[in-house]
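**Student:** the following block contains a protein sequence and its predicted model.
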Amino acid sequence: MMRTIVLVVISFFIFFHVAQSQVLLTYTESNADFPNPERGFYIPSETQGGKAGVLNGNILQLNRTNLQKHGKATYAIYSTLLFRNYLLAEFVNKPISAAFLTQIDNDMAVVRRTGIKMILRFSYTNKPHGGDCADKEHICPPYGDAPKNIVLEHISQLQPLLRKNADVIAVVQQGFIGIWGENYYTDYFGDASENGAGKILDSNWTDRNEVLKALLDALPEDRMVQVRTPQMKQKFIYGPGAGTRIPAITAKDALTRSYKSRVGFHNDCFLASADDYGTFYDYGSSSSPKKEANKRMRTYFETDSRYVAVGGETCDDAFSPQNDCAPAGHAEQEMAAMHYSYLNTAYNNLVNNDWDSLGCMENIKKNLGYRFVLQEAVLPAVLQKNASLNCVLKLVNKGYAAPFNARPVELILRHSNSKKVYVLRSTANAQFWYPGNITVNEAFVLPKEVQPGKYELLLSLPDKYASLYGRSEYSIRLANENTWEQATGFNNLNHIISVTE
């Protein structure tokens with residue numbers, strides 16, 4: 001369905017008192033599900049040093065461009081995200097081998113060719129074992145992770161790879177510590193289970209903080225690291241003695257490239273219980289016990305998550321019907337309140353499949369992360385060469401979150417005949433396009449090379465990295481009818497402007 005042009009002409013004076021007539025255009029929202037970068041359901045994968053699997057680029061590309069079902073899912077998805085866990089089991093007491101580092105580099109090259117990005121985690125063990133121990137889950141030590149000196153050595157080895165391939169890294173999860181890299185059952189960093197001290201001591205928090213800082217420093221400052229629980233961020237920013245009443249970050253703190261602005265969250269037991277199996281818990285310190293803090297930590301998470309990367313997976317259906325669709329459950333409400341950008345498509349589908357059968361999966365697929373709908377634009381019909389191009393765009397973000405990685409906002413002029421493109425870079429930052437209404441109101445100076453003629457106007461939200469800039473797979477598509485150009489990655493505003501002498 002073509003967008004409607006409302007023939008309302010608005011006259012006002014722009015810079016230097018040059019009169020400019022403006023045309024108001026309105027646009028039709030699309031209800032379609034389609035792929036967009038750095039959001040949605042991810043596909044999980046794992047490979048181990050010495051037993052390295054090779055990523056199949058053809059399959060990854062098919063997953064991005066075609067609706068596919070994965071694992072025991074009853075629903076099909078487009079996926080622009082690959083979760084990749086690198087299991088370092090054979091390196092718990094030695095450096096990572098050159099061969100395995102090369103394989104990681106090769107994986108990232110495959111990912112780049114296929115037009116997707118990675119959620120990265122490194123861990124040492126993924127196999128809990130039982131025995132005669134106190135833990136109520138019957139998970140017993142030794143757990144099999146590595147000591148701090150080895151972890152720091154491995155992060156140092158990985159730094160060149162992480163920086164070289166930052167363009168295709170959506171986000172990195174802290175990992176490294178404990179079984180599955182989830183920072184709980186650990187031999188070296190404080191065992192908060194009944195097997196250990198039952199809380200995390202100050203010295204343990206100090207060691208954990210050192211690992212998190214090393215990982216943040218190993219990445220470029222434009223990439224975030226996700227931690228497993230909100231308390232881990234509080235203890236990192238404010239020290240081992242910090243309590244759970246620490247305030248969340250604010251808009252002033254966001255996107256400053258400070259440590260506090262670069263630590264997000266991955267909840268790997270989303271909607272599993274009232275406190276998501278300990279996600280919203282206080283694990284104590286040397287001077288305070290482990291104790292319940294569900295309400296306080298949830299409030300912190302909801303506020304802080306507005307400004308950072310959030311994702312994870314479901315892990316148990318025991319919390320049904322609360323983890324179902326409304327009205328019995330609150331799955332969508334919680335995703336929106338906690339600003340989820342991604343979830344695992346393959347686990348746990350006892351939970352996810354209920355969203356499909358109960359009727360809210362289509363909304364979830366579309367609204368994970370951002371979903372920008374252009375509602376109207378006010379644009380000039382005729383413009384003198386030496387005048388400023390006044391542009392007003394009104395959008396709404398119907399998704400749960402804003403984009404968590406930076407990308408340019410560009411107004412594109414494309415000559416109607418020659419198709420030559422001129423890029424007008426906006427001062428707007430799409431990372432601040434939070435759920436709700438968005439207005440871009442800006443005056444653009446035309447490049448001197450622009451000659452009189454007719455020009456199409458388009459909106460582009462490309463990837464910021466030169467290696468990906470201009471590739472449509474990495475550009476954001478608006479949720480509108482008849483605007484998306486697959487070949488260019490531009491969103492066509494369906495308007496012609498005449499530039500005159």
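**Tutor:** Yep, it's here.

**Student:** worst-scoring helix or strand of this structure, pLDDT-wise?
**Tutor:** strand 5-13 (a mean of 32; mean pLDDT, DSSP states H and E).

**Student:** helix or strand right after it?
**Tutor:** Scanning forward in sequence from strand 5-13 by DSSP states H and E, the next helix or strand is strand 19-26.

**Student:** helices or strands next to that next one in the packing?
**Tutor:** Judged by 3 or more Cβ pairs under 8 Å, 6 or more residues apart in numbering; DSSP states H and E, the packing partners of strand 19-26 are strand 5-13, strand 372-380, strand 382-384, strand 490-500. In short, each C-beta sits where N, CA and C put it, glycine included.

**Student:** can you lay out these as TSV showing distance to Arg208 and mean neighbour count?
**Tutor:** Formatted as TSV, the helices and strands packed on strand 19-26 follow (distance: least, Cβ to Cβ, whole Å; neighbours: other Cβ atoms under 10 Å):
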stretch	distance to Arg208	mean neighbour count
strand 5-13	57	10
strand 372-380	37	20
strand 382-384	57	18
strand 490-500	43	18
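
**Student:** mind putting those strands in JSON lines, distance to Ser475 included?
**Tutor:** Shown next, in JSON lines, are these (distance: least, Cβ to Cβ, whole Å):
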{"stretch": "strand 5-13", "distance to Ser475": "25"}
{"stretch": "strand 372-380", "distance to Ser475": "12"}
{"stretch": "strand 382-384", "distance to Ser475": "26"}
{"stretch": "strand 490-500", "distance to Ser475": "8"}
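
**Student:** would Ser261 count as being in a helix?
**Tutor:** No: counting by DSSP: H, G, I helix; E, B strand; the rest coil, Ser261 is located in no helix; its state is coil.

**Student:** residues contacting it?
**Tutor:** Applying Cβ atoms under 8 Å, 6 or more residues apart in numbering to Ser261 gives the contacts Ile249, Asp253, Ala254, Leu255, Tyr307, Val308.

**Student:** okay, now the residue nearest to the fifth one when sequence neighbours are not counted: neighbour count?
**Tutor:** Once its chain neighbours are removed from consideration, Tyr307 has its nearest residue in Ala254; the separation is 3.7 Å (Cβ to Cβ, 6 or more residues apart in numbering). If you count neighbours by other Cβ atoms under 10 Å, Ala254 ends up with 18.

**Student:** quick check: Ala254 touching Ser305?
**Tutor:** No: the criterion here is Cβ atoms under 8 Å, and Ala254 misses it with Ser305 at 11.1 Å.

**Student:** name the element the closest residue to Tyr370 other than its chain neighbours belongs to?
**Tutor:** Using Cβ to Cβ, 6+ apart and skipping residues adjacent in sequence, the residue nearest Tyr370 is Gly399, 4.3 Å away. Following DSSP H and E, one finds Gly399 outside all helices and strands.

**Student:** and what of the one 5 residues further on?
**Tutor:** Secondary-structure assignment from DSSP H and E places Phe404 in no helical or strand segment.

**Student:** for it, grab phi and psi.
**Tutor:** When quoted as degrees, to the nearest 10, the phi and psi of Phe404 stand at phi -100, psi -10.

**Student:** distance of Gln322 from Ser273?
**Tutor:** Between Gln322 and Ser273 the computed distance is 9 Å (Cβ to Cβ, to the nearest Å).

**Student:** between these two, who's got more neighbours?
**Tutor:** Each of Gln322 and Ser273 has its neighbours counted (other Cβ under 10 Å); Ser273 has more, 17 against 14.

**Student:** what is the three-state secondary structure of that one?
**Tutor:** Following three-state DSSP, the label given to Ser273 is coil.

**Student:** do the same with Val423
**Tutor:** Assignment for Val423 (three-state DSSP): strand.

**Student:** try Gly144
**Tutor:** Recorded secondary structure, Gly144: coil (three-state DSSP).

**Student:** do I have it right that it meets Ala89?
**Tutor:** Yes: judged on Cβ under 8 Å, Gly144 makes contact with Ala89 at a distance of 7.2 Å.

**Student:** intersection of neighbour lists for these two?
**Tutor:** Common contact partners of Gly144 and Ala89 (Cβ under 8 Å, 6+ apart): Tyr124, Thr125.

**Student:** just the contacts of Ser261: which are in strands?
**Tutor:** Among the contacts of Ser261, no member is found in strands (DSSP state E).

**Student:** show me which of these is closest to Gly130.
**Tutor:** Nearest to Gly130, judged by Cβ to Cβ, of the contacts of Ser261 is Val308 at 36.2 Å.

**Student:** which non-adjacent residue is nearest the closest one?
**Tutor:** Val308 sits nearest to Gly264 (Cβ to Cβ, 6+ apart), 3.6 Å away.

**Student:** same check, this time on Arg306
**Tutor:** In this structure, Arg306 finds its nearest non-sequential neighbour in His339, 5.5 Å apart by Cβ to Cβ, 6+ apart.

**Student:** that neighbour: helix or strand, and which one exactly?
**Tutor:** Going by DSSP H and E, His339 is not in any helix or strand.

**Student:** all helices for the chain, in order.
**Tutor:** 57-65, 98-114, 148-164, 202-218, 230-238, 294-304, 331-337, 349-357, 361-367 (DSSP state H).

**Student:** what's the most buried one of those?
**Tutor:** helix 230-238 (a mean of 23; mean count of other Cβ atoms under 10 Å).

**Student:** tell me what that helix is packed against?
**Tutor:** Contacts defined by 3+ Cβ pairs under 8 Å, 6+ apart place helix 230-238 against helix 202-218, strand 263-270, helix 294-304.

**Student:** quick one: mean pLDDT for the last one?
**Tutor:** Averaged over helix 294-304, pLDDT sits at 98.

**Student:** neighbouring contacts of that helix?
**Tutor:** The contact list for helix 294-304 (Cβ under 8 Å, 6+ apart) reads 229-231, 233-234, 244-249, 265, 274-275, 279-282, 337-339.

**Student:** you'd agree the residue nearest to Val308 is up against Val310?
**Tutor:** Yes: assessed by Cβ under 8 Å, Gly264 is found in contact with Val310 at 5.7 Å.

**Student:** and the two? Which one has more around it.
**Tutor:** More neighbours surround Val310 than the other of Gly264 and Val310, with 27 against 23 (other Cβ under 10 Å).

**Student:** can you tell me how far the more buried one is from Lys235?
**Tutor:** 19 Å.

**Student:** one step back: out of the contacts of helix 294-304, which are buried?
**Tutor:** When these are checked for burial by 16 or more other Cβ atoms under 10 Å, the buried set is 229-231, 233-234, 244, 246, 248-249, 265, 275, 279-282, 337-339.

**Student:** restricting to C-alpha, output stretch 266-275 in PDB.
**Tutor:** In PDB, the C-alpha atoms belonging to stretch 266-275 read as follows (Å, rounded to 0.1, in the frame of the first residue of the first chain):
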ATOM      1  CA  HIS A 266      22.200 -11.100  30.100                       C
ATOM      2  CA  ASN A 267      19.500 -13.000  32.100                       C
ATOM      3  CA  ASP A 268      19.900 -16.700  31.300                       C
ATOM      4  CA  CYS A 269      16.900 -17.700  33.400                       C
ATOM      5  CA  PHE A 270      14.400 -15.100  32.100                       C
ATOM      6  CA  LEU A 271      10.900 -15.600  33.500                       C
ATOM      7  CA  ALA A 272      12.000 -18.800  35.300                       C
ATOM      8  CA  SER A 273      10.800 -17.900  38.800                       C
ATOM      9  CA  ALA A 274       9.800 -14.900  40.900                       C
ATOM     10  CA  ASP A 275      13.500 -13.900  41.000                       C
END
